[in-house]
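Asks: With the sequence up front, the predicted model follows.
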Amino acid sequence: MSTLFSSAGQLLAAQGLDLGRTDWLLLTQERIDLFAEATGDHQWIHVDPVRAASGPFGACIAHGYLTLALANLFMPQLMQFANLAMGVNYGSDRLRFPAAVKVGSRVRGHGQIVGVEVMGSALQVVVRISVEIEGSERPGCVVDTISRYTFNPIEQ
């Protein structure tokens, strides 16, 4: 269930809010192959199931940056906006890949608002996204995403 924010005041008051978890997503070889095609990273641990079966992980694994990119997929499942003039991705901090994500794994996003700061007419919001792997104690990715949101003025 996504949390809806309709004003700057609501978002400012949400610092520390646990946004919950998304639905599970099956990480398929097709998704990994498409990412390899898009980025040119065709390393065998990602795209050669036969060779990867005897490799260090026992199967193909997702690219770290594919796992990171899932944060963008999960964010709107965690947060929705009404009355928004504009939202932009400003970057990220504290990126880590604690565990490899094997093909066939199910992953989901867990979000927490760790910071909200006024930046002129916008709010800069830091949301920590953990890409959880079903059955694993360690996540595949943890990243502090940074976004800037500008709300429309509230009409009286």
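Replies: Alright, I've got the coordinates. Numbering: from 1, shown residues only.

Asks: The nearest residue to Asp23 once chain neighbours are set aside and Val126, how far apart?
Replies: Excluding its sequence neighbours, the residue lying closest to Asp23 (Cβ to Cβ, 6 or more residues apart in numbering) is Arg108, at 6.5 Å. For every residue, glycine as well, the C-beta is placed using N, CA and C. According to Cβ to Cβ, to the nearest Å, Arg108 stands 20 Å off from Val126.

Asks: again, but for Ile61
Replies: 28 Å.

Asks: So the two - more neighbours on which side?
Replies: Between Ile61 and Val126, counted using other Cβ atoms under 10 Å, the more crowded position is Ile61 (24 against 19).

Asks: tell me the mean pLDDT over the longest helix belonging to the chain?
Replies: For the chain, the helix with the greatest residue count under DSSP state H is helix 64-78. Helix 64-78 carries an average pLDDT of 97.

Asks: can you check stretch 81-94 too?
Replies: For stretch 81-94, the per-residue pLDDT averages 94.

Asks: Where does pLDDT dip in the protein?
Replies: 154-156 (pLDDT under 70).

Asks: change it to 80
Replies: Within the chain, the segments meeting pLDDT under 80 span 1, 153-156.

Asks: so where do the strands sit in it?
Replies: Per DSSP state E, the chain carries strands over the ranges 3-5, 18-21, 25-26, 79-81, 84-96, 106-119, 122-133, 141-151.

Asks: now for the fourth one, which elements pack on it?
Replies: Same thing as strand 79-81. When contacts are defined as 3 or more Cβ pairs under 8 Å, 6 or more residues apart in numbering; DSSP states H and E, strand 79-81 packs onto strand 3-5.
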